[in-house]
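Novice: Fold the stuff below for me.
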Amino acid sequence: MKYFSVFLQFILGFFVGILLLVSGTTALAYVVFYRLNTSPPKPIFAEEKQEKAAEPSTLESNAQEKAKKSKEKMAARESELFSEIQKKEKKGDLPSGAYRASVIWPSGLSLRSEPDQDAQRIGGIDYKAELIILKTSSDGDWQNVRISRSGQEGWVKAGNIQKIE
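Specialist: As a prediction, this is how the structure comes out:
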């Protein structure tokens, strides 16, 4: 009878241990998945904040005004340059042999400094973005392009664009 009670205690302890292990794991999984399921708080950017603070001192406000004016001037100059480039390109003032094209690669293209896969990446071009093909490399694997919106030039892998007619 003594062996029977020891065996019964062992079996009962074994099942209680398994029950505690399963319930603890379930509780931990619930906590982890609950935290993963909740959305993080919405970020508040400086542009969205309501200006409720007191007005800054005159020195600070003068410095801010000067910074704003210089930023506005630079933005105006950049927009003028871009508009000039776009006007020239729209008028048909493309270099000889150049043509308009659109990116057909779904994930966009990498703009490289040289016609080589290992060349430095200097930017990217989005899917369906308009660009101008200036020339093609001698082996036909790379194309020298100019992005219509920004005027940035570089090289892209050939075969990922479609001519716009």
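Novice: three-state assignment of Met74?
Specialist: helix (DSSP: H, G, I helix; E, B strand; the rest coil).
Novice: count of neighbours near it?
Specialist: Met74: 10 surrounding residues under other C-beta atoms under 10 Å. Just so you know, the C-beta spots here come from the backbone N, C-alpha and C atoms, and that holds for glycine as well.
Novice: Distance from the chain centre to the lengthiest helix in the chain, please.
Specialist: For the chain, the helix with the greatest residue count under DSSP state H is helix 2-37. Put simply, helix 2-37 sits 46 Å off its chain's centre (C-alpha atoms, centre = their mean, to the nearest Å).
Novice: Next: stretch 1-20.
Specialist: Relative to the mean C-alpha coordinate of its chain, stretch 1-20 is positioned 59 Å out (C-alpha atoms, centre = their mean).
Novice: again, but for stretch 68-84
Specialist: Counting by C-alpha atoms, centre = their mean, stretch 68-84 comes out at 25 Å from the chain centroid.
Novice: all helices for this structure, in order.
Specialist: Counting by DSSP H, the helices of the chain are 2-37, 58-90.
Novice: Need those helices in a markdown table (columns: distance to Trp105).
Specialist: Supplementary listing: the helices of the chain in a markdown table, determined by distance: least, C-beta to C-beta, whole Å:
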| stretch | distance to Trp105 |
| --- | --- |
| helix 2-37 | 33 |
| helix 58-90 | 22 |
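Novice: Of these, which is nearest Asp141?
Specialist: helix 58-90 (25.3 Å; C-beta to C-beta).
Novice: re the thing from before, output the helices of the chain in TSV; the columns should cover mean pLDDT.
Specialist: What follows is the helices of the chain, written out as TSV (pLDDT from 0 to 100):
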stretch	mean pLDDT
helix 2-37	91
helix 58-90	73
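Novice: nearest to Gly140, of those helices?
Specialist: helix 58-90 (24.3 Å).
Novice: do you know how far Ile18 is from Gly24?
Specialist: 11 Å (C-beta to C-beta, to the nearest Å).
Novice: For Ile132, grab the count of nearby residues.
Specialist: 20.
Novice: Setting the sequence-adjacent residues aside, check what's closest to it.
Specialist: The shortest distance from Ile132 to any non-neighbouring residue, by C-beta to C-beta, 6 or more residues apart in numbering, is to Arg146 (4.6 Å).
Novice: What does Gly97 show for phi and psi?
Specialist: Backbone geometry at Gly97, expressed as degrees, to the nearest 10, gives phi 80, psi -10.
Novice: Having no further points to raise, I will conclude here.
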